[in-house]
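Participant: Just a sequence and a predicted model for now, questions to come.
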Amino acid sequence: MWVKICGITRLEDALFAEALGADAIGFVFAASPRQMTPTAVAEIGKQIHIPKIGVFVDAGLATVQTIRRQCGLDIVQLHGNESPDYCRELGGAIIKAFRMQNAADWQKTLGYTTVWKILVDAFVPGVAGGTGRQIDAAILQNADLSNIILAGGITPGNAADYMTRYKPFGLDVSSGVEDAPGFKNKTLMTNLIRTIKR
């Protein structure tokens, strides 16, 4: 199963995630306790060989395109109100994130036919992601998640349950393996990735 460690702010955490077998790492460019500058991400990225994902929230197309080039991003992850037309114009590999309040919110994902994957996260008013809040199980229980990335409150303790119960394409984890925002815990990362890769 595919797993991404998001909210990376330190080279040591990026290298450790890669060594453990993470499939991708994520850098947050939007306003957040984990926000990174393009310069810092470009420096870390020079030493990483797994896909690098940049997280944006309602950023202008030119801004995303410039940062994608500067940092050598493999995938762009969009957590705002970006439209299907925005995604088509941006091009390249895109993960489009949706914060789900109820099962009716699956309708919002329709029309995003050009993106690589859809990510679903818990809805927290005024916060675009990285909250550690778990998504309501009722939203997931009858959905086909085989091509979906799940996020929100995933930890080493519940990752196996998410995998067996919902069978998603992948898991996106940030706060569930942290000591503090942007500071990853090596033991938690080890336990999480070993659980997923088993």
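Facilitator: Looks like it came in fine. Residues are numbered from 1 along each chain as shown.
Participant: So what does Ala160 look like in phi/psi?
Facilitator: For Ala160, the backbone dihedrals (degrees, to the nearest 10) come out as phi -60, psi -40.
Participant: SS state for the closest residue to it other than its chain neighbours?
Facilitator: Nearest residue to Ala160, sequence neighbours excluded (C-beta to C-beta, 6 or more residues apart in numbering): Thr195, at 5.4 Å. Where C-beta positions appear, they are placed from N, C-alpha and C, glycine not excepted. For Thr195, the secondary-structure state derived from DSSP: H, G, I helix; E, B strand; the rest coil is helix.
Participant: Please report the distance of Thr195 from Leu73.
Facilitator: Separation of Thr195 from Leu73 (C-beta to C-beta, to the nearest Å) stands at 27 Å.
Participant: So for the two, which sits in the more crowded spot?
Facilitator: Between Thr195 and Leu73, counting by other C-beta atoms under 10 Å, Leu73 is the more crowded of the two (26 against 18).
Participant: Enumerate every residue touching that one.
Facilitator: Contacts for Leu73 (C-beta atoms under 8 Å, 6 or more residues apart in numbering) come out as Phe27, Gly45, Lys52, Ile53, Gly54, Ile67.
Participant: change it to 10 Å
Facilitator: Taking C-beta atoms under 10 Å, 6 or more residues apart in numbering, we find Leu73 in contact with 26-27, 29, 38, 41-42, 45, 51-56, 64, 67, 92-93.
Participant: Right, I'll call it a day here.
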